[in-house]
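Undergrad: Quick one, fold the following:
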Amino acid sequence: MKELFLDVEKKMKHALDHFHDELKTLRTGRASLAMLDGIMVDYYGTPTPLNQLAGLSVPEATLIVAQVYDPSVIGAVEKAIMQSDLGLNPSNDGKVVRIPVPQLTEERRKEIVKKAHDTAETARNAVRQARREGNDALKAKEREKEISQDQEHTGFEETQKLHDHYIAEVGRVLEIKEQDILTG
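TA: Numbers count the residues shown, from 1 in each chain. Purely as a prediction, here's the structure:
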């Protein structure tokens with residue numbers, strides 16, 4: 001049964017880690033390289049992550065600079081950033097792409113908070129699914145007489161404790177990110 005709980009907890013932790021990664025890409029009004037994670041640039045017909053085509057830096061709180069390794073793709077880098085749903089308008093001088101990070105409007109902040117809530121709900125669903133799979137495995141073990149009914153009930157309680165912990169953690173992380181976005 002210990003392996004079963006470890007597997008359930010591993011799945012719940014993975015859901016929480018994925019939630020953290022998703023939140024990193026949401027804008028908070030400050031320049032962050034994590035905002036650009038997931039931006040794919042068409043590099044000679046191959047979608048390539050931006051961070052593989054350019055050296056990225058944050059010289060000040062409201063500016064990201066992309067030093068493109070191959071100057072022939074500066075236009076493609078600019079286009080990919082504009083097409084992302086981040087609301088950024090990059091400009092280039094032929095050598096580097098400057099990406100100013102404007103202050104967020106109240107309306108845009110609320111949109112981002114809504115997106116964060118959607119992402120949190122996805123994470124909660126993944127945690128619930130891990131609990132459901134764990135409970136189903138416990139029921140199967142009891143049906144096969146590998147464990148007793150008492151062990152099954154104890155297992156359900158243990159799975160529920162893990163579920164409650166990870167659901168609370170998702171809520172805590174969401175609350176922190178929401179404050180960060182709204183006060184940005």
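Undergrad: Spatially central residue in the chain, please.
TA: A centroid search over the chain (C-alpha atoms, centre = their mean) returns Glu22, at 1.1 Å, as the residue closest to the centre.
Undergrad: thought that one was touching Thr119?
TA: Yes - using C-beta atoms under 8 Å, Glu22 and Thr119 qualify as a contacting pair, with a distance of 4.7 Å. No exception for glycine: its C-beta is placed from N, CA and C like everyone else's.
Undergrad: sorry, back to before: what's the residue nearest to the centre of the chain in contact with, if anything?
TA: Residues in contact with Glu22 (C-beta atoms under 8 Å, 6 or more residues apart in numbering) are 119, 122-123.
Undergrad: Would you list the buried entries among the residues you listed?
TA: Applying 16 or more other C-beta atoms under 10 Å to these, the neighbour count classes 119, 123 as buried.
Undergrad: could I get the contacts of Glu22 as TSV with pLDDT and secondary structure?
TA: Putting the contacts of Glu22 into TSV (pLDDT from 0 to 100; DSSP: H, G, I helix; E, B strand; the rest coil) gives the following:
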residue	pLDDT	secondary structure
Thr119	95	helix
Thr122	96	helix
Ala123	96	helix
